[in-house]
Every structure is written in C-alpha cells, then in structure tokens.
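1. Sharing a model prediction with you, sequence too.
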Amino acid sequence: MKSVVEQKVLALNGDEAVAYAVKQCDVDVVAAYPITPQTIIVERFSEYVANGEVETAFICTESEHSALTACLAASLTGARTFTASASAGLALMHEMLFVTSGCRAPVVMAIANRALSAPINIHGDQSDTMAQRDSGWIQIYAENVQEVYDSVIQAFRITEHPDVLLPAMVCLDGFQLSHSMENVKVLPEEVVKRFVGVRQFPKVLTHEGRFAPLRLDPENPMTLGPLAFPNYYFEFKRQQEEAMKKALEVIRQVHEEYAEISGRRYGDGLLDAYQLEDAEIATVCLGSTAGTVKAVVDELRAEGVKAGLLRIRTFRPLPVEGIRRALENVRAIAVMDRSMSFGGHGGAVFHEVRHALYDSEKRPFVVNYIYGLGGRDTSPMQIRAIYKDLEGILQKGRVETPIRYVGLRE
Amino acid sequence: MIVQEKGWREIPIAAVCWKSSTEFLTGDWKTFKPVRDLEKCTRCLLCVIYCPDGAIRWKADLGDIEFDYNYCKGCGVCANECPAKAIEMKLE
Amino acid sequence: MKRIIEIRWHGRGGQGAWTASELLAKAAVYEGRYIQSFPEFGPERMGAPVTAFTRISFEPIKLHCAIYNPDVVVVLDQTLMKTVPVAEGLSEDGKIVVNSKDSPLEIKQRLGVIDKVEVWTVPATEIAVKILRAPITSTAMLGAVARATGIVSLESIKRTVEERFRRDIAEKNFAVIEESYREARST
C-alpha cells in the first residue's frame, strides 16, 4: 500500500496547472495553436521549452487542424504528445478528432471550454466539447484547478493503457477555471514520471511477417490508417467501442492508484456523488459549477433539505450503470447542461441521464436546466431556485416545464 | 482468392494492415503495355517523372531505365509525354 | 475573522487590478489559506474597465461563480466611480479602499454608501508615479488593502512581490507597499 507523497502547494490558474502537469509528464511533442482561454497553457509551456526545463519538441502550427494532425503523426511514431484548444479551435480539429481516435493514438488534449460562435464569445461554456462527444475521445471534466492538474497526469496513463489506446480530452471551464488561480498541491517530478512511466506498445503483425511494437518505424514497416471497405470498417469501429468500454475500468484503476499517492479522490474517478445517499432532490452537473452546487447543497442540508448532487467527471465513456445506481432513488432530478443541442429538446447531458434511468424500475422526475452559456455566471441563489423548483415538482406530482433556462431574460 | 473475413475480435488494432501492399501485383489486369524503342529513347527520364505509379525507375547499375510491369497499369501517360515518341502502347 | 473573505477589484486595463488580486491571493497561500483569484474582462484593451475577484478562506473553496456580495471593494481608478457601480453588493459592514487624494469622508459621500461601511483612501497613483515612475497602482493599493483589512501580513505580500519581480523592481515595490500602508486613511 503506497503512502501519500509529500507535496508542495502552488498558486496556479487552470491553464498554468495544465502546463505544469505536462512539464512533469515527459511529453515528447507538443504541437499547438493559441486560442482564448487556452493561450496561457501554450505560453507557459513554451517558456518551459525555452528555459530548457523540458526536452519536448514544440511545434507552432498554422492552425488547430494542423496541430492535432502533427500530434497524431508524432504519436503514431511512438511519441507521447499533447495539445490544447477551445471553441472554434476544437471545432476546426473536428475531422482529425475522429482520425486520431480511429488510429488509436493516445494523444492528450486540454480543452479550456469556451462558447462557439456565432455570435463571437470568448467566455466559458461546454458546447465545444459536447459537440465532439461522438468522436471517440475520452472526456474528463474537472471541478477545480487541483483536479485539472491531477486529471492531466492521469490522462497519459489512461490513454496509453493497452486496453484503451484512445485519445483523451481534459476539460476545464473557460475563465472560470482556466483563469482562476487556486491552491494546487503538486507532486514531485520523480513521482509523476514514475506514475506515467514510459509509453508501452502492443505488438502487431507487420509487413515483414514479424511481430513488432505498434508504431511507425522503418525497421518494422507497417501501414496505419488505411482504407477499409464496407466489409471491414464496421468491425474496426466495434473494436474502438470495446476500448471505450474497457476505459471505464481503466479510468477507475488509474484514479485509484493516483489517489494512493496523492491522497486525493474524485468519487470513483467516473462519478462524484455528493450527499446523494438519501437525497430526494438532486442536480446533475459537469465542471466547475458543480462546486457552487456543492456549496448550496451544504446550506440546504444544514436546513434539513435532502438535497444532493451527482457530478459526472467522466462523460465519455458514459458510466451508464453508475449514473442509474446513483440516481435511482432520487425523486426529482435537475440535469444541468452548459450547452445546447438545437432542436434536440434539451441538452446532451439531459438526454444521456434520462437514457441511463430509462430501464430502472423507479422513474424519477427529470428536468433540464440550460445554464451558463457564453460565460453567463450562475449564482448560488440561482442554484437554490433550482432545488426549490424540484421541491415544487414533488409537491405538484408533475413536471410542467421540462426544459428551463437559468437566468435567461425572457 | 476468396478469404474468410475476420470478426471484430480478430482484426488487428488500429487497422494495421496485415499484409504489405507490395504483395498485390496491381499490374496484372492491364490491357495495353508500354514498349520502348531503345534506339529512339534519349534517356531524358521524363517518363520516370510522369509515371503515376512510379513503375518506371532509373537503374544506376544498368545505366538505363526499367519498366516494372508488376505495377504498370498501362495508363499510357509515358507514351503520351515521351518527347522522342519512343514508347508505344501495345495490346497485352 | 470570517471563514471566507470576498474581495472585488475595479481597475482599468493596464493598471494591474488582476495582478493585485493574484498577489494578494498568493500572499494568503503563504499564510496557509485557500484562495481563488480570477478576472472578468470586457473588451480586451488598455483603459477598458477590468474587474478582478479574490476569495480567501480557511477552508477549501467550492464556489465557482462571481462575487455578488464582496466584503471588500478596491477601486484602483477613481474615475471608474462615475461609470461603474463599484459599491454594488458591498456587504453592510464591508470596506472600500479607493485610490484617491481626496479624504475618505468625501469619497464616502460621493459613493453614497451606508454609514457602517468603512471607506479608506490612499493616493496610490501619486505613490506609484513617485517611486516607480509609472501609474501602475497594483502594489500601491496592496499596502492600503493590507492595512484596511488585516487579511494578510505585509511580509507575505512582500514575499510574493519578491518572487514575481526582478530584484531592483521588487525593492521599489517594497517601498511603494510600505508607503501605501502608512498613507492609507479611513473614515
């Protein structure tokens, strides 16, 4: 049983914490393009490169599409790679997200969640990553800057695990976390290096009839990312889905191992259930606003209200079983979405939570609250009002408005 | 050659090709074949540059070019581009 | 001392409101506190109003939202008082520290705040221009904030300044902080 390592406390904002974690993880290639609110990640990391604190090859590409392509290509030669983006930058990478996942390249990317244009908005919401939930990338949403630091380190282990070999996005709310300076306990560099280790490769049959590590190497010629006709493409996609399923257990294991060293846990790594055991009313929330909800839940509990919160930390792969078990006995649930699915009758998280509950015997009331779009702040008073609404639903015994908007001026 | 198709558990990860593409002789279905008149050929090497398949190569040990009929598909671009009209497309 | 203190800073782009909020937060970290410090931007240009927030607590901070009822408001540029409701939401027994040559009483009247609110003033621009030769009022306000609120010690503030700036600039800033601490006046 490992014991908790001694750690020093730094004051870092979300972006700085990402850069600091990447510095410690022995990354070979960083190819990136700046976009608010991720710019500090790349600026800070480039300082580390310039100061000789890391031996990473740093490539300034002409666009985000190229940045991800460069990372993918480097990753396929065996390099450990990292990049970061947000909003329109992530959207520009769209095509390559699917390619990276299809090629099973363990690229790690930090996304400082920001609203998509139009109209132009540089502030935080989760529409950028929600729009990429089908791309085959693991998605982890952090609640605070400490978790951002911890999650980036864990991401390298998760993505490179032989059962997974899928890329991952660590998501931090734009400005609310990216530019928020908070206390961060950092692990000593040797401990991080030992934790992430050296990248391992599965063996595959190559052109010359030998088994060799899965990476592009002139010594062992192989072809990656070829054409697959209708008679095979489907099977390759099923294989990718299997990796996503296995990732659930891997994420839990890596989280547990990290918890033993750091002393920090975020639920079971997939879901962070807060005061949910006997909760009658609860919200479901991703990211930093879940922290504000926790503070409100504390107040409500002190007033005798049986309120709780389910924070989904890992959104992809979706921990369907865990969500169902956590929420089954709650009577009214408000699912908070910091993005919209236009014309979809509610946000992505709302759909998926309802889906998780569909087969359960009990049917709690489930309503949707769209919040925080374009950096709109969500206050503790507004969260309180949500819980009040849930109490109202229980009193009336029915839902009148399934889709609501927090703080929207009518 | 009919091959039994593999299930998703048997296929290699990341669609790594289990055979090299060089094993497939793509020239075996051509209709026309380029034939070179050695007298007219000036060794300008334009056909080497123009061949879309890279099936015409300069061989230093031979001091001459060589047509690789395993991969030549008989497209006729070399005959079209040859300034000396040294290549003729003949029925296979 | 309250379990959590919330401070709102008002400045213009380039004056150092964000920097000041970070330096105060870092100083609090040295004293074992939990902190949060973040900016709120309007158009990203010099001269545009900038708001920054600092939370200092004895416990880990869960809240991730704007500060609606600050305990302390710091105004780095007096002219903002005309266009920005700097005292909005200030708690009843809150404090407000303004960069001004005018007396605290005059500022208090102009702000129209209730009597319980403690108003402090410090001629931060004058101090900054005198010692730093530039109207960057971040450190010049920090001394006054430390005096008015007692949240962190001057030593902790100096330590963060020392870490952040080059030796000669840091020393000039020590002088700025000390003078700001001395010159701050209250109602």
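-> Nice, thanks for sending it over. This is a predicted model, so every value here is computed, not measured.

2. Look at A:Lys193 and say how many residues are nearby.
-> Neighbour count of A:Lys193, defined by other C-beta atoms under 10 Å in any protein chain shown: 14. For every residue, glycine as well, the C-beta is placed using N, CA and C.

3. Distance-wise, check it relative to A:Ala168.
-> 19 Å (C-beta to C-beta, to the nearest Å).

4. Over to A:His207?
-> For A:His207, the distance to A:Ala168 under the criterion C-beta to C-beta works out to 30 Å.

5. One more: A:Glu321?
-> As for A:Glu321, its distance to A:Ala168 is 21 Å (criterion: C-beta to C-beta).

6. who has more neighbours, those two?
-> When neighbours are counted by other C-beta under 10 Å, A:Ala168 comes out ahead of the other of A:Glu321 and A:Ala168, with 28 against 12.

7. Can you name the residues that contact whatever residue of chain C ends up closest to chain B?
-> Among the residues of chain C, C:His64 lies closest to chain B, at 38.5 Å counting by C-beta to the nearest C-beta. Going by C-beta atoms under 8 Å, 6 or more residues apart in numbering or on different chains, C:His64 touches A:Glu143, A:Asn144, A:Asp173, A:Gln176, A:Leu177, A:Ser180, A:Ser288, A:Thr289, A:Gly291, A:Thr292, C:Gln36.

8. Assess the claim that the last one and A:Met181 are in contact.
-> Spelled out, that is C:Gln36. Yes: counting by C-beta atoms under 8 Å, C:Gln36 sits close enough to A:Met181 to count as a contact (6.9 Å).

9. what do those two both touch?
-> C:Ala25.

10. What lies in contact with stretch C:21-35?
-> Counting contacts by C-beta under 8 Å, 6+ apart, the residues outside stretch C:21-35 that touch it are A:9, A:11, A:181-183, C:7, C:9, C:36-39, C:52-61, C:138-139, C:142, C:145, C:151-153, C:156-157, C:159-161, C:163-164.

11. ok, of those, which come out buried?
-> Burial by neighbour count, 16 or more other C-beta atoms under 10 Å in any protein chain shown: within these this picks out A:11, A:181-183, C:7, C:9, C:36-39, C:52-57, C:61, C:138-139, C:142, C:145, C:151-152, C:156-157, C:159-161.

12. Could you pick out which of those are located in strands?
-> Those of these mapping onto strands are A:11, A:181-183, C:7, C:9, C:36-39, C:52-57, per DSSP state E.

13. Next, count neighbours for residue 50.
-> If you meant another chain, say so; for now it's chain A. Summarising burial for A:Ala50: neighbours were counted as other C-beta under 10 Å, giving 10.

14. other chain: chain C
-> Neighbourhood size, C:Val50 [other C-beta under 10 Å]: 24.

15. cool, and B:Gln4?
-> B:Gln4 is flanked by 4 other residues according to other C-beta under 10 Å.

16. what's the answer for B:Cys44, then?
-> By other C-beta under 10 Å, 14 other residues sit near B:Cys44.

17. Confirm for me that it is in contact with B:Pro83.
-> Yes: under the criterion of C-beta under 8 Å, B:Cys44 makes contact with B:Pro83 at 6.5 Å.

18. Flag every residue of chain C that's near chain A.
-> Applying C-beta under 8 Å from any C-beta of the partner chain, one finds that chain C approaches chain A through C:22, C:25-26, C:29, C:34-40, C:60-66, C:68.

19. right, and A:Asp389 touches A:Ala334 too?
-> Yes: between A:Asp389 and A:Ala334 a contact is recorded at 7.0 Å, counting by C-beta under 8 Å.

20. Quick check: neighbours shared by these two?
-> By the contact definition C-beta under 8 Å, 6+ apart, A:Asp389 and A:Ala334 are jointly contacted by A:Val367.

21. Between the two, point out the one with more neighbours.
-> A side-by-side neighbour count of A:Asp389 and A:Ala334, using other C-beta under 10 Å, places A:Ala334 first with 25 against 18.

22. so is the nearest residue to C:Gly112 once chain neighbours are set aside in a helix, a strand, or just coil?
-> Taking C-beta to C-beta, 6 or more residues apart in numbering or on different chains, and ignoring the residues beside it in sequence, C:Gly112 has C:Ala87 as its nearest neighbour in space, at 7.7 Å. Per DSSP: H, G, I helix; E, B strand; the rest coil, the local secondary structure of C:Ala87 is coil.

23. just A:Glu260 next, same as before
-> Secondary structure assignment for A:Glu260 (three-state DSSP): helix.

24. The residue of the stretch 51-200 of chain A found nearest chain B: what's it in contact with?
-> Closest to chain B within the stretch 51-200 of chain A is A:Arg104: 4.0 Å, counting by C-beta to the nearest C-beta. Applying C-beta under 8 Å, 6+ apart, one finds that A:Arg104 lies in contact with A:Leu165, A:Leu166, A:Leu214, A:Gln240, A:Ala243, B:Ile13, B:Ala14.

25. Enumerate the residues of the stretch 51-200 of chain A near chain C.
-> Where the stretch 51-200 of chain A comes near chain C, counting by C-beta under 8 Å from any C-beta, the residues are A:Glu143, A:Asn144, A:Asp173, A:Phe175, A:Gln176, A:Leu177, A:His179, A:Ser180, A:Met181, A:Glu182, A:Asn183.

26. which pair in those residues spans the largest distance?
-> For those, with distances taken as C-beta to C-beta, the pair at the greatest spread is A:Phe175 and A:Asn183 (18.5 Å).

27. Let me see the ranges of the strands in chain B.
-> Counting by DSSP E, one finds strands in chain B at the ranges B:32-36, B:56-59, B:64-67, B:87-91.

28. Point out the most buried one among those.
-> Stretch with highest mean neighbour count among these: strand B:32-36 (a mean of 18; mean count of other C-beta atoms under 10 Å in any protein chain shown).

29. From A:Ala290, how far off is the residue of chain B found nearest chain C?
-> Chain B approaches chain C most closely through B:Ala14 (38.5 Å), counting by C-beta to the nearest C-beta. Between B:Ala14 and A:Ala290 the distance is 35 Å, computed by C-beta to C-beta.

30. who has more neighbours, the two?
-> Regarding B:Ala14 and A:Ala290, a neighbour count based on other C-beta under 10 Å identifies A:Ala290 as having more, with 26 against 21.

31. Secondary structure element holding that one?
-> Under DSSP states H and E, the secondary-structure element containing A:Ala290 is helix A:289-302.

32. same deal with A:Val9?
-> Secondary structure (DSSP H and E) places A:Val9 in strand A:8-13.

33. What's the mean pLDDT across that strand?
-> Averaged across strand A:8-13, pLDDT comes to 96.

34. what does stretch C:164-184 give?
-> Per-residue pLDDT values over stretch C:164-184 give a mean of 92.
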